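>>> Predicted model follows, preceded by the sequence.
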Amino acid sequence: MIDLKSIPSAKEDLDRYEVENNFHSWSFQPAVSPPRVVSAKGVRFTTEDGRERLDFSSCFVSHNIGHQDERVVDAICEQAKTLTSFAPSLSNKPRAILAKMLAEVTPGDLERSFITLGGAEANEAAVKIAHQYTGRRKVVTRYRTYHGGTASAMSLSAGDSRGWAQVLGGTEIVTVPQPYCYRCSFGQTYPSCELQCVKYIDEAIDLEGGADKVAAIIFEPVTGANGIIVPPKEYFPMLREVCDKHDVLMIADEVMTGFGRTGKWFAMDHWNVVPDIMTMAKGMTCGYLPMGATVVRKQIGDRFKEQFFAHGATYAGHALGCATANALIPIYQEDNLIEKSEKLGQYLLDKAQELKEKHPCVGDVRGLGLFVGIELVKNKATKEPLTPTNAKVMPGMNPKLEIAKKLGELGMMAMAANPVNVIALAPPLIISKDEIDEGVAIMDEALKVGDRFTA
Ligand SMILES: Cc1ncc(COP(=O)(O)O)c(C=O)c1O
């Protein structure tokens with residue numbers, strides 16, 4: 001073994017470790033290292049070659065307050081000097097404060113939190129709570145969605161004594177369509193469709209055994225990685241009624257949409273619908289430290305005064321992470337970032353609509369707040385997708401990745417790595433109008449690459 005304190009770290013060494021020793025998420029493992037980021041500030045980041053680029057993705061929609069805000073960095077250093085973490089069976093001040101803060105910012109009577117290390121874990125906890133609260137195994141989900149990368153870990157923990165309180169057999173999944181109006185699964189048009197997508201969920205829950213079998217429905221209020229799908233305004237009020245009728249819990253995955261991304265604290269605030277369980281991560285600590293949370297309504301929280309809460313983690317409510325969130329969440333309020341997201345989001349949406357008029361490869365533009373999607377097509381009239389849509393990620397050239405490559409060359413990163421035909425524009429909420437103009441001009445240039453692939 002080499003001396004661990006002096007691992008060679010020249011550029012070529014680091015490149016080699018990336019290629020030979022590190023797993024890169026959701027990709028064929030690369031033959032060359034991606035560019036190395038050395039610093040970031042505000043809405044920009046700098047790579048090893050000294051080049052500065054505009055971050056129009058907020059690093060997978062997480063860095064809502066921008067990079068390296070000194071107020072947060074200072075709070076992290078301060079907390080790190082006294083207590084980084086301790087066993088979750090004992091209390092720590094940052095965790096207690098954060099649990100109260102989350103009860104304040106979330107809608108309705110969402111009031112009790114399980115604090116996790118990220119979004120997938122928050123959703124795992126949410127589904128487990130739904131199983132335990134209802135005693136039912138089925139969970140409805142929707143096509144074209146992403147809720148995180150973990151397997152249902154506990155199903156695999158065979159023989160562990162904590163297994164007695166689980167609802168055995170894991171989750172049974174029931175899948176229903178999205179309110180994807182640009183490509184309606186029912187071939188209809190809003191509003192004459194009368195929300196067939198919700199009526200279908202009503203019928204599906206009935207056919208799956210209703211209140212005897214179905215625990216919950218999980219959804220992204222505005223679908224993120226799978227295409228910035230914004231539902232019609234009636235969708236969530238109607239879905240709430242369907243869930244109440246069947247006594248099925250609503251789990252809103254606000255991992256991407258939470259903390260101002262859509263122009264409200266949480267996207268569900270747009271429709272005044274209170275979900276039974278809400279999950280969050282990303283904008284909660286904006287990547288300064290990894291954190292997430294599962295927040296439940298009073299009635300659900302109260303149940304676990306009498307019923308064993310069969311979930312936990314060594315770093316649940318990690319003190320340093322909680323202190324980070326406690327310093328960061330008030331910044332949304334102090335700097336009016338939620339209002340800014342609403343106002344500048346409309347500006348960005350209008351600018352993106354202009355791109356649709358100009359470019360043959362742009363079939364649709366949609367968004368809410370600073371969360372705007374550009375859907376790429378081969379043919380505007382037929383809506384034929386720019387890259388064929390199926391669930392298999394193929395190696396080789398993908399026109400969208402060619403556009404993303406061009407964006408990189410021109411000095412910008414947008415959210416284009418996911419396998420759907422949508423490029424998401426989601427800059428930090430601190431962005432200025434001039435910086436939006438700068439980003440849209442780069443996008444305008446890069447979309448010319450997409451135009452070459454059109455019919
Ligand atoms: C809506 C949604 N839920 C859950 C997750 C998973 O979060 P994490 O990557 O922090 O586990 C993501 C990640 O992109 C997401 O977009």
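Received, thanks.
>>> contacts, neighbours, all on C-alpha from now
OK.
>>> and this structure, which residues reach the ligand?
G118, G119, A120, Y146, H147, G148, E220, G224, A225, D253, V255, M256 (CA under 6 Å from any ligand atom).
>>> tell me which element the third one falls in.
This means A120. Assigned by DSSP states H and E, A120 belongs to helix 119-134.
>>> Which positions within that helix qualify as buried?
By 16 or more other CA atoms under 10 Å, the buried positions in helix 119-134 come out as 119-134.
>>> that older thread, kindly reformat the residues of the chain next to the ligand as a markdown table containing secondary structure.
Putting these into a markdown table (DSSP: H, G, I helix; E, B strand; the rest coil) gives the following:
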| residue | secondary structure |
| --- | --- |
| G118 | coil |
| G119 | helix |
| A120 | helix |
| Y146 | coil |
| H147 | coil |
| G148 | coil |
| E220 | coil |
| G224 | coil |
| A225 | coil |
| D253 | strand |
| V255 | coil |
| M256 | coil |
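>>> could you flag which of these are buried?
Among the residues of the chain next to the ligand, those buried by neighbour count (16+ other CA under 10 Å) are G118, G119, A120, Y146, H147, E220, G224, A225, D253, V255, M256.
>>> re the thing from before, helix or strand next in line after the helix holding A120, which one?
Counting by DSSP H and E, the next helix or strand C-terminal to helix 119-134 is strand 138-142.
>>> Tell me the helices and strands packed up against that following strand.
With contacts taken as 3 or more CA pairs under 8 Å, 6 or more residues apart in numbering; DSSP states H and E, strand 138-142 sits against strand 172-176, strand 214-219.
>>> for that strand, the distance to its chain's centre please.
How far strand 138-142 lies from its chain's middle: 18 Å, per CA atoms, centre = their mean, to the nearest Å.
>>> Give me the mean pLDDT for that strand.
On average, the pLDDT along strand 138-142 is 92.
>>> do the same with stretch 329-344
98.
>>> can you list the weak-confidence ranges in the stretch 251-400 of the chain?
Across the stretch 251-400 of the chain, residues meeting the criterion (pLDDT under 70) sit at 391, 396-397.
>>> show me where it has strands.
Ranges of strands in the stretch 251-400 of the chain, per DSSP state E, counting those that start in this stretch, are 277-280, 292-297, 362-367, 372-379, 384-385.
>>> The last one pairs with which strands?
I take that to be strand 384-385. Neighbouring strands of strand 384-385 in its sheet, by DSSP bridges, are strand 372-379 (antiparallel).
>>> relative to strand 362-367, how tilted is the strand it pairs with?
Interaxial angle, strand 372-379 versus strand 362-367 (axes from the mean of the first three to the mean of the last three CA atoms, to 10 degrees): 160 degrees.
>>> contact partners of strand 372-379?
Here strand 372-379 makes contact (CA atoms under 8 Å, 6 or more residues apart in numbering) with 227-228, 345, 348-349, 352, 360-367, 383-387, 400, 421-426, 450, 453-455.
>>> likewise stretch 381-395?
28, 361, 363, 376-379, 398-400, 419-421, 453-454.
>>> so which of the helices and strands packed on strand 138-142 comes closest to Y182?
For Y182, the closest of the helices and strands packed on strand 138-142 is strand 172-176, at 16.7 Å, according to CA to CA.
>>> need the contact list for the nearest residue to L370 once chain neighbours are set aside.
Nearest residue to L370 in three dimensions, chain neighbours excluded: G345, at 4.1 Å (CA to CA, 6 or more residues apart in numbering). Applying CA under 8 Å, 6+ apart to G345 gives the contacts T262, G263, L368, G369, L370, F371, V372.
>>> For the last one, give its distance to H318.
When distance is defined by CA to CA, to the nearest Å, V372 is 33 Å away from H318.
>>> Likewise for the third one?
Using CA to CA, one obtains 32 Å as the distance from L368 to H318.
>>> and K448, how many residues sit next to it?
The number of residues packed near K448 is 16, by other CA atoms under 10 Å.
>>> wait, it sits on H359?
Yes. Using CA atoms under 8 Å, K448 makes contact with H359 at a distance of 7.3 Å.
>>> roughly how far apart are the closest residue to H359 other than its chain neighbours and the ligand?
Closest residue in space to H359, ignoring its immediate chain neighbours: D451 at 6.5 Å, by CA to CA, 6+ apart. Per CA to the nearest ligand atom, to the nearest Å, D451 is found 28 Å from the ligand.
>>> Which member of the buried ones among the residues of the chain next to the ligand is positioned nearest P179?
Within those, the smallest distance to P179 is 11.2 Å, found for E220 (CA to CA).
>>> wait, what's in contact with the closest residue to the closest one other than its chain neighbours?
Ranked by CA to CA, 6+ apart and with sequence neighbours excluded, the top spatial neighbour of E220 is D253, at 4.9 Å. By CA under 8 Å, 6+ apart, D253 lies in contact with N123, H147, I218, F219, E220, P221, M278, T279, M280.
>>> and the closest residue to G66 other than its chain neighbours, bridged to which residues?
Spatial nearest neighbour of G66, excluding adjacent residues (CA to CA, 6+ apart): G42 at 4.5 Å. Residues in a beta bridge with G42, per DSSP bridges, are H67.
>>> what about G42, how many neighbours?
A count of neighbours around G42, defined by other CA under 10 Å, yields 19.
>>> How confident was the prediction at it?
98.
>>> measure it to E203 for me?
Relative to E203, and taking CA to CA, G42 is found at 48 Å.
>>> what's the single longest helix in the protein?
The longest helix of the chain (DSSP state H) is helix 337-358.
>>> Which residues belonging to that helix are considered buried?
Buried, per 16+ other CA under 10 Å, within helix 337-358: 337-342, 344-349, 351-353, 355-356.
>>> got it, and stretch 287-300?
By neighbour count on 16+ other CA under 10 Å, the buried set for stretch 287-300 is G287, Y288, L289, P290, M291, G292, A293, T294, V295, V296, R297, I300.
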